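Participant: Got a sequence here, can you model it:
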Amino acid sequence: MDARKDGSPWAQELCGSVQGLQQRTLLRVQRPTLPQFSSVEALIHEHDLDAWAMGNPPLPNSVTAAVWREAVMAQQPYNFSSSITSQHEAQHSGSIPTSAAGPFLLMPPSSAGTNFDVRCGKPQTVQTWEDGSRGSSTPSTALQLNLPPSGLQPQASQPLHHMPHSMWEYMHNPALPLKRLKLFSLNDYLGLSAHPDVAAAAAAAVSMCGMGARSSGVVGGTSVLHRELEEGLAALKGTQDCLLCPTGFAANMAVLTALTSMGGRQVSIFSDALNHASIIDGARLACRGGRASLHIYHHNDMAHLEQLLQSLPKNTLALVITDSLFSMDGDFADLQALAALRARYGFLLAVDEAHATLVCGDRGAGAAEALGVSDQVDIHIGTLSKAFGALGGFVATSAVIKALVLNKGRAHVYSTALPIPVVAAAQTALAVSNREHWRRHAVWSLVERLSAGLGVPALSPIVPLVVGGEAEAVGLASRLLKEHGMHVPAIRPPTVPKGTCRLRVSLSAAHTAADVDALVAAVKSSLGSWEIPTRPGGNARARSSALLGNSQPSLMQVQYLEAQAHTPIAMAMKPWRKAYL
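Facilitator: I've put the predicted structure just below:
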């Protein structure tokens, strides 16, 4: 149906709805990018850049997938199953094996955190060696890649050994209107999605098992690799068992619907007002048909939650569910206070650690570990699509709760199991996280650097810069994107309440200190100079910026973050952060 030409009631309703979103600057669009073998860089076509920045509808001359495919897939992609020296290792070992007889010049980094450089004056073959031989003059398991002529100007920032010849030519063809982006928009907090070991594990699994899981987990889609990952996640969370789910969204849906399907006592669900949409939708679905009741308590307001708990009828089962690290505000749930209430009222406590797993805690077990209350959480819910750099969800809990969710959680029961290569990638990501502790240190040091640079207290790798209206948020995001090549997404209703539109900065261990400094400079130049209050309630002023014309940019982000920095939970996290760094 062409809704633009069709005069039917459905067409009128569809067009009116989409046009309304566009008029209110709320229309979201998806645009293809060409990811680099990096967690924080990508290329985008200029036509798509404008539409992505401003939320415009698709353009007739927008670059198509066929354009990307013809250029990128002209040559068979590189086989990632080979073991090679990774850019990550080069950054932190300070040296890479070289050979004086080699037909190339390999310049080692001057210091940790600097990309290595490969240059050649004519088409040449470059060799890199596996991780085990770093620092040695004797290569092992050499890998070869043909580089293009010097006219294509290879740059130091490119991990060349991961790049097919045709892709390299396409990226550096000056006739193509491509723009390089630095991404502050992704949830790959440890930079593991681009880790060579993770890619190699997925490639090896594809070679051995193929791609799809072929059926649901309860029918026949569970493999030995699935079980090994479940055991690893249970060990991380300190629980009896774990259940893999298709996504983090599905994990929350499965838990909430399963716990309200027992058919015995009435269940009451208590949910934080700022919980993720998957919890909101799961709770609503669980309450259909009167099987359960839903109670929303004010964000992180333990007094309000206790008031609701006190009004609970006798013989009613209570379930309290919360995010641990809230995805739009970047603040933490008061898990210590929740644990104290759990001891007093005997409710079941479920915590969604989607954004905190592998990021918080000495072992990366999450905010509950960092706050010392892991053993008081009954259900640890998580995702493999953020810090793990893969895809999927999981429920780490007791054996009996797992059995219930496995049998009654319809979002799990009736979904195909995770593909084996994805499971292999996630399992390897967990191993890398356990081995490379510097990644957690790196992301938290960048949080401190951003906080100092902007002069506002950043509480986590998620830093919201609240500017108020839709037009202001989209305008600032567009300016950062077009003028500075930085993608910092504008978050608008219905994701956040009206009047609290924001830019959400997401930091990764794959970012560098220079990346964060550049972001700070770009934000300041876009908003004008800031005078930041030193305590809650202090005065804050800012000059009007060219971005917003004659209107004053809102400093809601300053007031908001100042208030959050002095909450009990923020104060409780400070000792862990100080000790960890």
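
Participant: domain parsing for this structure?
Facilitator: By the assignment in automatic domain parsing, the chain contains the domains 20-72, 87-163, 227-414, 439-580.

Participant: which residues does His295 contact?
Facilitator: Contacts were defined as C-beta atoms under 8 Å, 6 or more residues apart in numbering; by that measure His295 touches Ser268, Ile269, Phe270, Ser271, Leu308. In this view, the C-beta of every residue, glycine as well, is placed from N, C-alpha and C.

Participant: count of neighbours near the nearest residue to Ala194 once chain neighbours are set aside?
Facilitator: Spatial nearest neighbour of Ala194, chain neighbours left out: Ser39 (4.7 Å); criterion: C-beta to C-beta, 6 or more residues apart in numbering. Neighbour count for Ser39, taken as other C-beta atoms under 10 Å: 23.

Participant: again with the one 3 residues further on
Facilitator: Residue crowding around Ala42 was assessed by other C-beta under 10 Å; the count is 19.

Participant: What helices and strands are in contact with the strand or helix carrying it?
Facilitator: Taking DSSP states H and E as the criterion, the element that holds Ala42 is strand 41-45. Based on contacts counted as 3 or more C-beta pairs under 8 Å, 6 or more residues apart in numbering; DSSP states H and E, the elements that strand 41-45 packs against are strand 34-35, strand 178-183.

Participant: Please flag which of the contacts of His295 sit within helices.
Facilitator: Assigned to helices by DSSP state H, the following of those qualify: Leu308.

Participant: Identify those among the contacts of His295 that sit within strands.
Facilitator: Counted as lying in strands by DSSP state E, out of the contacts of His295, are Ser268, Ile269, Phe270, Ser271.

Participant: Distance check, the second one against Val359.
Facilitator: The gap separating Ile269 from Val359 is 27 Å, by C-beta to C-beta, to the nearest Å.

Participant: just the last one next, same as before
Facilitator: In this structure, Ser271 and Val359 are separated by 23 Å, where distance is defined by C-beta to C-beta.

Participant: try the first one
Facilitator: Noted for Ser268: a distance of 31 Å to Val359, by C-beta to C-beta.

Participant: and which of the contacts of His295 is nearest Gly289?
Facilitator: The nearest member of the contacts of His295 to Gly289, counting by C-beta to C-beta, is Ile269 at 14.0 Å.

Participant: related to what we said a few turns ago, can you pull the buried residues of the strand holding Ala42?
Facilitator: Glu41, Ala42, Leu43, Ile44, His45 (16 or more other C-beta atoms under 10 Å).

Participant: Then stretch 434-449?
Facilitator: Using 16+ other C-beta under 10 Å, the residues of stretch 434-449 that count as buried are Glu436, Arg439, Arg440, Ala442, Val443, Trp444, Ser445, Leu446, Val447, Arg449.

Participant: Is Val422 in contact with Ala202, as I believe?
Facilitator: Yes: checked against C-beta atoms under 8 Å, the pair Val422 and Ala202 is within contact range at 7.0 Å.

Participant: Could you give the number of residues near Pro494?
Facilitator: When neighbours are counted by other C-beta under 10 Å, Pro494 registers 8.

Participant: Got phi/psi on Ser8?
Facilitator: As for Ser8, its main-chain torsions (degrees, to the nearest 10) stand at phi -70, psi 160.

Participant: got a pLDDT number for it?
Facilitator: Here, the pLDDT recorded for Ser8 equals 85.

Participant: Now do the end-to-end distance for stretch 359-372.
Facilitator: Using C-alpha to C-alpha, to the nearest Å, the end-to-end distance of stretch 359-372 comes to 15 Å.

Participant: Residues in contact with that stretch: which ones?
Facilitator: The contact list for stretch 359-372, computed with C-beta under 8 Å, 6+ apart, reads 189-190, 236-238, 324-325, 332-333, 335-336, 351, 353, 356-358, 374, 376-377, 380, 382, 387, 433-434, 440, 443, 460-461, 572-573, 576, 580.

Participant: Now the buried members of these.
Facilitator: Applying a neighbour-count criterion of 16+ other C-beta under 10 Å, the buried members of those are 189-190, 236-237, 324-325, 332-333, 335-336, 351, 353, 356-358, 374, 376-377, 380, 382, 387, 433, 440, 443, 460-461, 572-573, 576.

Participant: Filter these down to the ones in strands?
Facilitator: With DSSP E as the criterion, strands contain Val351, His380, Gly382 from among the buried ones among the contacts of stretch 359-372.

Participant: Now do the same contact list for the last one.
Facilitator: Pointing back at Gly382 there. The contact partners of Gly382, taken as C-beta under 8 Å, 6+ apart, are Leu233, Lys237, Gly248, Ala251, Asp352, Glu353, Ala354, Thr357, Gly366, Gly393, Phe394, Ala396.

Participant: Next step: those residues restricted to helices.
Facilitator: If you go by DSSP H, the contacts of Gly382 have Leu233, Lys237, Gly248, Ala251 in helices.

Participant: And those residues, which is closest to Phe184?
Facilitator: Of all those, the one sitting nearest Phe184 is Gly248; the distance, using C-beta to C-beta, is 21.3 Å.

Participant: Gln336 is in contact with Ser374, isn't it?
Facilitator: No: shown here, Gln336 and Ser374 do not form a contact pair, counting by C-beta under 8 Å, at 11.6 Å.

Participant: mind checking how far Ile379 is from Leu335?
Facilitator: Distance, Ile379 to Leu335, by C-beta to C-beta: 13 Å.

Participant: ok, back up a step: which single one of the buried residues of stretch 434-449 is nearest to Lys408?
Facilitator: Taking these together and measuring to Lys408 by C-beta to C-beta, the closest member is Arg440, at 35.5 Å.

Participant: ok, so what distance separates that closest one from Ala473?
Facilitator: Taking C-beta to C-beta as the measure, Arg440 and Ala473 are separated by 30 Å.

Participant: Same question for Ser268.
Facilitator: Taking C-beta to C-beta as the measure, Ser268 falls 37 Å from Ala473.

Participant: try Ala235
Facilitator: Applying C-beta to C-beta to Ala235 and Ala473 gives a distance of 42 Å.

Participant: what about the two, which has more around it?
Facilitator: For the pair Ala235 and Ala473, the greater number of neighbours falls to Ala473 (25 against 15), based on other C-beta under 10 Å.

Participant: and that one, that one's in a helix?
Facilitator: Yes: applying DSSP: H, G, I helix; E, B strand; the rest coil, one finds Ala473 inside a helix.

Participant: Do I have it right that it meets Arg492?
Facilitator: Yes: here Ala473 lies in contact with Arg492, judged by C-beta under 8 Å, at a distance of 6.2 Å.

Participant: okay, and the common contacts of the two?
Facilitator: With C-beta under 8 Å, 6+ apart as the test, Ala473 and Arg492 both reach Cys501.
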